[in-house]
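In: sequence and predicted structure are below.
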Amino acid sequence: MTHKKVRKAVIPVAGFGTRVLPGTKVIPKELLNVVDRPILSYIVQEARAAGIEHFVFVTGRQKGAIEDYFDHQFELEAQLKAKGKTDLLDQLLDELPKSGEMSFVRQMQPLGLGHAVNCARDIIGNEPFAVLLPDMVMDAETPALSQAISAYEQVGGNIILVEEVPEDETHKYGVVAVENSGTSLRRMTGMVEKPAKGTAPSNLIVSGRYVLQPEIFELLATQTPGAGGEIQLTDSMADLMKSQDFHALQYEGETYDCGDKIGLLRANVGLALKRTDLGDAAREALRVYFN
Ligand code: G1P
């Protein structure tokens, strides 16, 4: 059976980034650098690699720099050209979207992730779509969203990427309950957002990549606030699970939570060490801290 193609992605970028203040006081957290480019650049690259053709950013006040990042900076480009810095210029131009490939919609109040995703409903329309949470930079041989879309092509319905965390950390995340099939792709039987300590149905957390069916929007529209007083995507997904299939895929790769100080540090170190052009120099520079 063929399933309708996943062409569009929603990237919610309205959050305040309070865990990495004051760095995010005037710079959107999604534009903080990891090694030498913004977090968001990794996310867009991952989505492009997975075949996404249209990006819907759900933005908020103080996030205008995100639109500017995905536009020409003519003065800078002219300067780089004049100085013959063509490698840098090419790098900038490569990152630009095709015209019309990105939409920006404003979430006017910070009412939660479910509310943010629902702000994209008119642009998504009646087709399956991906959601990528930009805090979570995923380093994987097969890009994380590609793994989710392959699973979707196999079983259809809705797919959530999950990963294991220590039991004492489950209360910080959405947590899924799955049938025990012994494989990495398992049918889900439930999910709960930020379960109280000791009540989580498993140690598999929702790690920030989703493939969802458009029927989620009908539920989001009337979703009442849940954990933290916010309109939670997890609560609407749990409702949709009553009428549609959800599968959890334990993906292969490394997650860096860049909305967190230590996660951001780990991303900088981990991704620099893996770079062919920087890895050796990074290893050398870090060595002094461990001798
Ligand atoms: C959100 C989701 C949660 C998920 C988490 C991953 O929570 O609601 O289900 O596990 O992202 O980072 P937030 O980080 O916005 O509290």
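Out: Great, that's in hand. Numbering: from 1, shown residues only.
In: okay, CA-based contacts and neighbour counts for the rest of this
Out: Fine.
In: burial measure for Ile159, as a count.
Out: Look at Ile159: counted by other Cα atoms under 10 Å, it has 28 neighbours.
In: centre of the chain to the strand or helix carrying it, how far?
Out: For Ile159, the element it lies in under DSSP states H and E is strand 158-164. Mean-position distance between strand 158-164 and its chain equals 12 Å (Cα atoms, centre = their mean, to the nearest Å).
In: list the helices and strands it packs on?
Out: Packing contacts for strand 158-164, counted by 3 or more Cα pairs under 8 Å, 6 or more residues apart in numbering; DSSP states H and E, involve helix 144-155, strand 204-212, strand 246-250.
In: mind listing what's buried in the second one?
Out: Yep, that's strand 204-212 we're talking about. 204-212 (16 or more other Cα atoms under 10 Å).
In: mean confidence score for that strand?
Out: Per-region confidence: strand 204-212 scores 97 on mean pLDDT.
In: so what touches the helix or strand just after it?
Out: Helices and strands here follow DSSP H and E; after strand 204-212, the next one along the chain is helix 216-221. For helix 216-221, the external contacting residues (Cα atoms under 8 Å, 6 or more residues apart in numbering) are 114-115, 118, 121, 231, 233, 236-237, 239-240.
In: report the entries of these that also contact the ligand.
Out: Near the ligand, judged by Cα under 6 Å from any ligand atom, there are no entries from the contacts of helix 216-221.
In: between the residues you listed, which is closest to the ligand?
Out: Proximity of these to the ligand was ranked by Cα to the nearest ligand atom; the top entry is Leu233 with 6.4 Å.
In: tell me, how many residues neighbour Gly112?
Out: Counted with other Cα under 10 Å, Gly112 comes out at 20.
In: meant to ask about His72
Out: Neighbours of His72 (other Cα under 10 Å): 14.
In: kindly report the same for Lys197.
Out: Neighbours of Lys197 (other Cα under 10 Å): 12.
In: got phi/psi on it?
Out: phi -50, psi 130 (degrees, to the nearest 10).
In: with adjacent residues omitted, what lies nearest to it?
Out: His171 (5.7 Å; Cα to Cα, 6 or more residues apart in numbering).
In: same deal with Thr224?
Out: Ile231 (6.1 Å).
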